[in-house]
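Visitor: Quick check, what structure comes out for this input:
(chains A, B, C and D)
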There are 2 protein chains.
Amino acid sequence: MGIRRARAAETRGALMDAARRLFAERGYLNTKITDITAAAGRSTGSFYEHFADKDELLREMAREMEAQGDSVIDTENSAEHDLSDRQQLRDHVAGGWTVMRDHLGVVVAHLQSAIAAPPESRQMWRALVNQTTEFRDHLEYLRVRGHPLPGDPTVVAAAIGAMLSLFGYAALTAGEPVASDDEIVDTLTDLLLHGLAGPPIAHGSESGNKSGDEPEE
Amino acid sequence: MGIRRARAAETRGALMDAARRLFAERGYLNTKITDITAAAGRSTGSFYEHFADKDELLREMAREMEAQGDSVIDTENSAEHDLSDRQQLRDHVAGGWTVMRDHLGVVVAHLQSAIAAPPESRQMWRALVNQTTEFRDHLEYLRVRGHPLPGDPTVVAAAIGAMLSLFGYAALTAGEPVASDDEIVDTLTDLLLHGLAGPPIAHGSESGNKSGDEPEE
DNA sequence: GTCTATATACCGATAGAC
DNA sequence: GTCTATCGGTATATAGAC
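Guide: I've put the predicted structure just below:
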């Protein structure tokens, strides 16, 4: 491999690394292309040798993320998942949470990009549905087996995706941690599994929750 | 009342009406001040006689909305609400849904504005917490009475707020209705009340009704 | 491929006539 | 208060030297 190509790949990588960091800090919309090149120690013009625009850069970052084996919600295709089983549901929630943590820049950028689009483009609904196809399949699997669902699987999946996306965005950019990762995953899992009514009373397990953390205003 | 003042109020109203429509269609971020003035049939400079900038216009729209008696989530201060009661929970969900429908422009603008801000500003988390203070209070009321919650009331309320905000945004801008309003409200209510596990086999409230509803096999 | 310099476009905001 | 005209700042994208 020639030196030129190595240098090129290096620049490309430097740009993407810088973008990841800046997107997580300042966000996608507020990060200018000159910010990225400056942070990467390259010139403005160099950017366009590798990407057509900021949007293509984001798509490349998403491609790379998924190539690493992570996806936005979950990747398991087994489809034989029982989301009414706490452990399996928790695995899904935890998986999504981890992805958001580890790829905060990409996730932030995606959400900002989708919501900055004109509402009439319907982009947000499409994004939500696309993000949750696996989840919807699992719900349909449940329904086929006679399990009662709160509503149409697509709608339920989208609602859950909306919760995870926006809550994740808010909590992971909140500065001080809202709670520990485990607490959050447990909370979201229990909320999604049994709702506010709580689990059927077998032995009235106390809601052993106590996070002395009070996020103010 | 002088003609000048009437004309001024008229302009102000025309600008706000145009903004409401444009925000709902094109969104807050994509609507330029000149778009608003053009749609209102006024000149660019006229805008600044009534509002310092687009942000102040939005705040005024929000003020007007709340002055009409609606708020983003709910306005009942009774605080003696039992969110584990389906009817009361449904009323809250339906209330929030109706507000989003009737003030789509303001709601769209608020969400876009909050999520377009730099993540480091922590604005989204603050917005979520502020939007759901009432809800959180109701949850704390539940907890005090010994009802088990999925987690910290602030976190649970924020998660629910995130779901309603983003799902509402997506569904109400999806073009063709995702489902009827009643279906959506019912679905969200049931999801939030009993989760994916579903209600204990014979739908009782939280009473000692024997549960044991777990999908077989 | 990378750089510097710049064209282009756009939008927010203001000045000043009426 | 409303208008027309314009300034000033800023970001994208390109041109052309190296």
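
Visitor: The residue of chain A at minimum distance from DNA strand C and A:Thr34, how far apart?
Guide: Going by C-beta to the nearest atom of the strand, DNA strand C is nearest to A:Gly45 of chain A, at 2.6 Å. In short, each C-beta sits where N, CA and C put it, glycine included. A:Gly45 is 10 Å from A:Thr34, where distance means C-beta to C-beta, to the nearest Å.

Visitor: Please say which of the two ends up with more neighbours.
Guide: When neighbours are counted by other C-beta atoms under 10 Å in any protein chain shown, A:Gly45 and A:Thr34 differ, and A:Thr34 comes out ahead with 11 against 8.

Visitor: list the contacts for that one?
Guide: Shown in contact with A:Thr34 (C-beta atoms under 8 Å, 6 or more residues apart in numbering or on different chains): A:Thr44.

Visitor: got a pLDDT number for it?
Guide: Per-residue pLDDT puts A:Thr34 at 98.

Visitor: mind listing what's buried in the helix or strand harbouring it?
Guide: Element membership for A:Thr34, per DSSP states H and E: helix A:33-40. Within helix A:33-40, the residues scored as buried using 16 or more other C-beta atoms under 10 Å in any protein chain shown are A:Ile33, A:Ile36, A:Thr37, A:Ala39, A:Ala40.

Visitor: so what's A:Leu57 closest to, chain neighbours aside?
Guide: Once flanking residues are discounted, A:Leu57 sits nearest to A:Phe51: 4.4 Å by C-beta to C-beta, 6 or more residues apart in numbering or on different chains.

Visitor: Neighbours of that neighbour, how many?
Guide: When neighbours are counted by other C-beta under 10 Å, A:Phe51 comes out with 19.

Visitor: So what does the nearest residue to A:Ala114 once chain neighbours are set aside look like in phi/psi?
Guide: In space, and not counting its chain neighbours, A:Ala114 is closest to A:Ala127: 4.6 Å by C-beta to C-beta, 6+ apart. The phi and psi values for A:Ala127, taken as degrees, to the nearest 10, are phi -60, psi -40.

Visitor: Up against DNA strand D, what does chain A have?
Guide: A:Lys32, A:Ile33, A:Thr34, A:Thr44, A:Gly45, A:Tyr48, A:Asp53, A:Lys54 (C-beta under 7 Å from any atom of the strand).

Visitor: so where does the fifth one fall, helix or strand?
Guide: Looking back up the chat, that one is A:Gly45. helix A:44-47.

Visitor: I'd like the distance from the helix or strand that that helix is followed by to the chain centre, please.
Guide: With elements assigned by DSSP H and E, the helix or strand that comes after helix A:44-47 is helix A:54-67. The chain centre lies 14 Å from the centre of helix A:54-67; the measure is C-alpha atoms, centre = their mean, to the nearest Å.

Visitor: I appreciate the help and will end here.
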